[in-house]
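> After the sequence you'll find the predicted model.
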Amino acid sequence: MDPLTVLLVVLLSALSAILYIFIGILPGTDETATMAPILLTLLLMGVDPLLALVWFAASIAAFKMADSIPVALAGIPGGVMAVPQVPDALTAKDAGLADTILRKGIASSVVGQFVALATTLTISYYLMPLGDWLRATDEVLPNVKVARWFWILLIGLLVLALTSRNKGLALISIPAFALGVQGLRAVYGRSVYISFFLGITIGPMMFELLSMLHTELKKTYERKGLKEIKLAKIGKIPLNPLKILTREEVAQSTLWSAVTSILATVMSPVGLTILIGDLLRESKKDKVRGSVLAYTVRDAVKNATYIGGTVIPLLVIGQPTGPMAAGPAMPFFQKLENLGMSARDYLVTHYDYLTISLSLIGASLIAFLIAYPILVKYSRKITVAVFRRVPAEALYGLFIAIVIMLSYYDARIAGVFGTLIISIVSGALWKLGVSLGVLFMTLVAAPTLVAILMGLPI
Amino acid sequence: MVDVLLNVLNNKIPSRVFHDVVLFVGDEEVFYELYGEYVSLREFGVATLISTILALAFYFVSPYVANLIGVPSAGLSITLGAVGASVGFFISVFLTRVKRVIKEV
């Protein structure tokens, strides 16, 4: 790696960490909606995929560390992944332990990220030779060839559908949504992707927004007065992370980070965070101790699943086989016109395994060196500043503007309307209890799924 | 440095210049809960419009800028579009009000 690239790695990691500390603390910032468009923009701008990967790893480190800060202080999640931590945070807050969970969460995020990197980079190294076998195709029906990785994707898709709040609808929406996507692509005459992806990303927000055009539905969203946020006071937190976690917390965080980083290849990071946290909480007789342990390990699992869900599909399979790879990390797997291939293919053909691994570790290290002391020392002040000074309207307006621009870039004015219809359908399905991960993965599986559907003799 | 920045953010930024016309029920203003946050639809519309107009304006100007500086326009259009949207965000921060009130407990 030349000195300029090293300098860019350091700069991008630092910038990403600082940006995602603020995004992480902001309430209501969905991970896919905030990580994927920025990643996609960087790749479309022509940023080297290795530097984009560095940006992404640093954003995971800072975002997942910061999104639990408002949970600990105010019981408000900074991102979707922090939602499972809310009940435990409220229990701990009632017991006067807001600062305890705050510091434990920050420290266990570091454990989660590095354990996941060590685990998944080691596993990927040994499994990489399987990549060619996974990308080979088999004729499963007359004239229908299916790549072997598709079956891994399908298993992940079905697992995710069966863990959705509305299992039945999630299952039947898979072929229906795939047909809708392929139908629109047929109308466009080309394999449009970005506008559909962004449509799913902003689906929940657009659905709520468009519901307000209906007089009766609008009333259900009405709220009187300002939103009251109760912020807990915190004491001084030591800078040394080793003084923050107990032996049990380090052991549990390490164990579950390793396990969940592998499972996230096909399973939902949110689902795993809920599952592991609940198991640990129930293992303790004392409710408060159980909640503190669950909260702490969940913070580690959040980082671990995001790293694992990205690294194994990226380095071994080459296809987005899980909700993380098909969500926030999806831009790495999409063919880009400026590269003539996907960012993932560019990465593995232009850089060796060691360079990619060191970049991921380096980016995480830099991100934590910046985010950790800032969050330990200034978490409360930053939270107050963000809550007091950043209006939700300005942030949502920024996301919508970027989505409109990228949709236009993808398929001109048709792309903007494609995003609109996909967002309405996605938002409605989400409202009815279908995980957005099901839709992201269906988007990836759509060409093969429709080919199989059309090839069936019934 | 972080302290100075946070003090500026917390104390020195002037009050918003844009004042919304809002519906009142009793003594309290009425907002709408969108994605877990309280928003004024009017301010939301203004913020979205500003960011979108700036994003698209920068996007469409990019081929001329690319010609001037002699670089391919494809990558630059996204870059400038994102810059335009971000400029819109910073303008919107001053034109919209925060709908949160913080209470120490």
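Here it is on my side, so go on.

> Return the list of helices and strands in contact with the longest helix belonging to chain A.
Looking across chain A with DSSP state H, the single longest helix is helix A:392-431. Applying 3 or more Cβ pairs under 8 Å, 6 or more residues apart in numbering or on different chains; DSSP states H and E, we find helix A:392-431 packed against helix A:31-44, helix A:167-188, helix A:194-201, helix A:203-211, helix A:436-455, strand B:37-39, helix B:41-69, helix B:73-95. For every residue, glycine as well, the C-beta is placed using N, CA and C.

> looking at the ones you listed, which is buried most?
Of all the helices and strands packed on helix A:392-431, helix A:194-201 has the most neighbours on average by mean count of other Cβ atoms under 10 Å in any protein chain shown, namely a mean of 29.

> helices or strands next to the helix or strand hosting A:L255 in the packing?
Using DSSP states H and E, A:L255 maps to helix A:247-263. Identification of packing neighbours for helix A:247-263 by 3+ Cβ pairs under 8 Å, 6+ apart yields helix A:98-127, helix A:269-282, helix A:287-312.

> Next secondary structure after the first one?
Right, helix A:98-127. Helices and strands here follow DSSP H and E; after helix A:98-127, the next one along the chain is helix A:130-135.

> outside of that following helix, which residues touch it?
A:A147, A:R148, A:W149, A:I152, A:V316, A:I317, A:G318, A:Q319 (Cβ atoms under 8 Å, 6 or more residues apart in numbering or on different chains).

> One more: stretch A:425-441?
With Cβ under 8 Å, 6+ apart as the test, stretch A:425-441 has contacts from A:32, A:153, A:156-157, A:160-161, A:163-166, A:169-170, A:173-174, A:177, A:180, A:197, A:199-201, A:203-208, A:210, A:268, A:320, A:322-323, A:326-327, A:330.

> at 6 Å instead, please
A:157, A:160-161, A:164-166, A:169-170, A:173, A:177, A:200, A:203-204, A:206-207, A:268, A:323, A:326-327 (Cβ atoms under 6 Å, 6 or more residues apart in numbering or on different chains).

> where does chain B dip in pLDDT?
Within chain B, the stretches with pLDDT under 70 are B:1-27, B:72, B:74-75.

> ok, and the closest non-adjacent residue to the residue positioned nearest the centre of it?
Nearest to the mean C-alpha position of chain B, by Cα atoms, centre = their mean, lies B:F89 at 2.6 Å. Leaving aside its sequence neighbours, B:F89 sits nearest to A:L398 (Cβ to Cβ, 6 or more residues apart in numbering or on different chains; 4.0 Å).

> my read: that neighbour touches B:I91, true?
No: assessed by Cβ atoms under 6 Å, A:L398 is found out of contact with B:I91, at 10.6 Å.

> Surely A:A36 touches A:A329?
No: in this structure, A:A36 is not within contact of A:A329 by Cβ under 6 Å, at 7.8 Å.

> For the biggest strand by length in chain B, which helices and strands make contact with it?
As assigned by DSSP state E, the longest strand anywhere in chain B is strand B:28-34. Here strand B:28-34 touches strand A:222-224, going by 3 or more Cβ pairs under 6 Å, 6 or more residues apart in numbering or on different chains; DSSP states H and E.

> strand partners of the strand it packs on, parallel vs antiparallel please.
Note on strand A:222-224: by DSSP bridges, its sheet partners are strand B:28-34 (antiparallel).

> For the strand it pairs with, list every residue counted as buried.
Neighbour-count burial for strand B:28-34, counted by 16 or more other Cβ atoms under 10 Å in any protein chain shown, picks out B:E29, B:F31, B:Y32, B:E33, B:L34.

> Stretch A:136-150 now?
A:V144, A:V146, A:A147, A:W149, A:F150.

> now do the same end-to-end measure for it.
End-to-end distance of stretch A:136-150 (Cα to Cα, to the nearest Å): 10 Å.

> how close does the residue of chain B positioned farthest from its centre get to B:L76?
Distance from the C-alpha centroid of chain B, by Cα atoms, centre = their mean, peaks at B:G70 (31.4 Å). Relative to B:L76, B:G70 is positioned 11 Å away (Cβ to Cβ, to the nearest Å).

> residues in contact with the longest strand of chain B?
Applying Cβ under 6 Å, 6+ apart, the contact partners of strand B:28-34 are A:208, A:221-225, B:22-23, B:38-41, B:99.

> Closest one to A:L280 out of these, please.
Within the contacts of strand B:28-34, the smallest distance to A:L280 is 33.3 Å, found for A:E208 (Cβ to Cβ).

> Count the residues that sit near A:V192.
Number of residues near A:V192 (other Cβ atoms under 10 Å in any protein chain shown) recorded here: 20.

> what about it, which SS state?
Recorded secondary structure, A:V192: coil (DSSP: H, G, I helix; E, B strand; the rest coil).

> Return the residues in contact with the spatially closest residue to it that is not a sequence neighbour.
Nearest non-adjacent residue to A:V192, counting by Cβ to Cβ, 6+ apart: A:A411, 4.8 Å away. For A:A411, the contact set (Cβ under 6 Å, 6+ apart) comprises A:Y188, A:V192, A:S195.

> Between those residues, which sits nearest chain B?
For the contacts of A:A411, the residue nearest chain B by Cβ to the nearest Cβ is A:S195; the value is 14.0 Å.

> isn't that closest one right next to A:G418, touching?
Yes: using Cβ under 6 Å, A:S195 is in contact with A:G418, at 4.5 Å.

> still on that earlier bit, strands - which of the buried residues of stretch A:136-150 land there?
Counting by DSSP E, the buried residues of stretch A:136-150 place A:V144, A:V146, A:A147 in strands.

> Chain B versus the last one, what's the distance?
Computed as Cβ to the nearest Cβ, to the nearest Å, the A:A147 to chain B distance reads 29 Å.

> pLDDT below threshold where in the stretch 201-350 of chain A?
For the stretch 201-350 of chain A (pLDDT under 70), the answer is A:237.

> What parts of it come near chain B?
Residues of the stretch 201-350 of chain A lying close to chain B by Cβ under 6 Å from any Cβ of the partner chain are A:205, A:208, A:221-232, A:338.

> let's see it at 7 Å
Contact residues, the stretch 201-350 of chain A versus chain B (Cβ under 7 Å from any Cβ of the partner chain): A:204-205, A:208-209, A:212, A:221-233, A:338.

> Drop anything exposed from those.
A:P204, A:M205, A:E208, A:L209, A:M212, A:Y221, A:R223, A:L226, A:K227, A:I229, A:L231, A:A232.

> What sits closest to the third one if chain neighbours are left out?
It stands for A:E208. Once flanking residues are discounted, A:E208 sits nearest to B:L34: 5.4 Å by Cβ to Cβ, 6+ apart.

> Pairing partners for the one you found in the sheet, please.
Beta-bridge partners of B:L34, counted by DSSP bridges, are B:E37.

> Could you do A:A147 as well?
Counting by DSSP bridges, A:A147 forms beta bridges with A:T137.

> Might one say that it is in contact with A:T137?
Yes: A:A147 is within contact range of A:T137, at 5.1 Å (criterion: Cβ atoms under 7 Å).

> okay, and for the stretch 351-458 of chain A, where does confidence drop off?
For the stretch 351-458 of chain A, no range has pLDDT under 70.

> Go again with 80.
The stretch 351-458 of chain A contains residues with pLDDT under 80 at A:379.

> In the helix holding A:L255, which residues are buried?
A:249-250, A:252-254, A:256-263.

> CSV please, covering these and showing distance to A:G75.
Formatted as CSV, the buried residues of helix A:247-263 follow (distance: Cβ to Cβ, whole Å):
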residue, distance to A:G75
A:E249, 21
A:V250, 26
A:Q252, 23
A:S253, 22
A:T254, 28
A:W256, 24
A:S257, 25
A:A258, 30
A:V259, 28
A:T260, 24
A:S261, 28
A:I262, 32
A:L263, 28
